[in-house]
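**Q** show me the folded form of this:
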Amino acid sequence: MGVSVKQFDMSSAWDDVMQLLRWEPALTLPVVGILVVLPALVFAILGPVPIEPSAEANLAVVVDTLRADLARAAPYLLVMALSSSLAAVAVMRLWLAPGGTSVGEVLAFAVGLMPTLIVVFIIQAVALGLAFMVLVLPALYLGGRLAPVLAVLAAGETRSPIDALKLSWAMTRGNGWRIALMLILVQLVVAIITIMVDGAGTMFGARGTAGHAVASVISATTAGVAALVAYALGTAVYRQLTTAGVAGTFD
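**A** Numbers count the residues shown, from 1 in each chain. This is a model prediction of the structure:
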């Protein structure tokens, strides 16, 4: 891999994101459907019911309630995060690997990287958590510097979690804030859409009803689309900051 020293171009990266999203949806969508949408749907229908604090509850009670909800949902969220990491590597592999790669091959490749993905997930979670404890800005910057780490693994640069993090850090040198800004802008739009969809879903009916099931399908599908956009962002950053550029995958 060659690491580019050019300035990260958000406009070019977004054009690449659109190109990636349009490429062979018959291959990428099933992967996202199985590894992102399905787990999200199971969680929405079968996961723990959030505890609703009373209207008279003070801030301390609300915080304690949120903590209890998070503790009960933690096993589901952990499985979903790891499943999403598998999906990310598999989809990115389809985008980055030589032509002729099948869905089965990229899934096998991603599963083979599971130990590496777990270590990367833990390191990123701890690093971002510590950064947020200091200030929000360091965490945002760190997110920008580590944006292409899964793409590094998907491209087959290394199977070592430490080397993958080092390569991500090296290739984003001098571009951390630009990448972070792009991630923030896109994620803000995605968050607004997700909140609107989830808010509208509450009008479909209570848990256990057909309306709630329909709302869960819509919410899980939205999560899948958001994940696919995130994968495309990470891949676009990687493609722009390597000497391969955006040529290769779609030639």
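**Q** below-threshold pLDDT in the stretch 101-250 of the chain: ranges please.
**A** Along the stretch 101-250 of the chain, segments meeting pLDDT under 70 span 201-202, 205-206, 243-250.
**Q** apply 50 and report the result again.
**A** Scanning the stretch 101-250 of the chain for pLDDT under 50 picks out the ranges 244-250.
**Q** how about the helix or strand hosting residue 153 as CSV, C-alpha atoms only?
**A** Taking DSSP states H and E as the definition, one finds residue 153 inside helix 149-154. Provided in CSV are the C-alpha atoms of helix 149-154 (Å, rounded to 0.1, in the frame of the first residue of the first chain):
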residue,chain,number,x,y,z
VAL,A,149,-9.3,0.8,9.6
LEU,A,150,-11.9,-1.8,8.5
ALA,A,151,-11.1,-1.1,4.9
VAL,A,152,-7.4,-1.7,5.5
LEU,A,153,-8.4,-5.2,6.8
ALA,A,154,-10.9,-5.8,4.0
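**Q** distance from the following helix or strand past it to the middle of the chain?
**A** Per DSSP H and E, helix 149-154 leads on to helix 161-171 as the next helix or strand towards the C-terminus. Helix 161-171 has its C-alpha centroid displaced from the chain centroid by 18 Å (C-alpha atoms, centre = their mean, to the nearest Å).
**Q** list the buried residues of helix 161-171.
**A** For helix 161-171, burial by neighbour count (16 or more other C-beta atoms under 10 Å) applies to 161, 164, 165, 167, 168, 171. In short, each C-beta sits where N, CA and C put it, glycine included.
**Q** thought residue 149 was touching the last one, still the case?
**A** No - with contact defined as C-beta atoms under 8 Å, residue 171 does not reach residue 149; the gap is 9.8 Å.
**Q** for this structure, what spans make up the helices?
**A** 10-22, 25-32, 38-46, 59-96, 103-112, 114-134, 136-145, 149-154, 161-171, 176-201, 210-240 (DSSP state H).
**Q** nearest to residue 52, out of these?
**A** Among the helices of the chain, helix 59-96 comes nearest to residue 52, with 8.0 Å by C-beta to C-beta.
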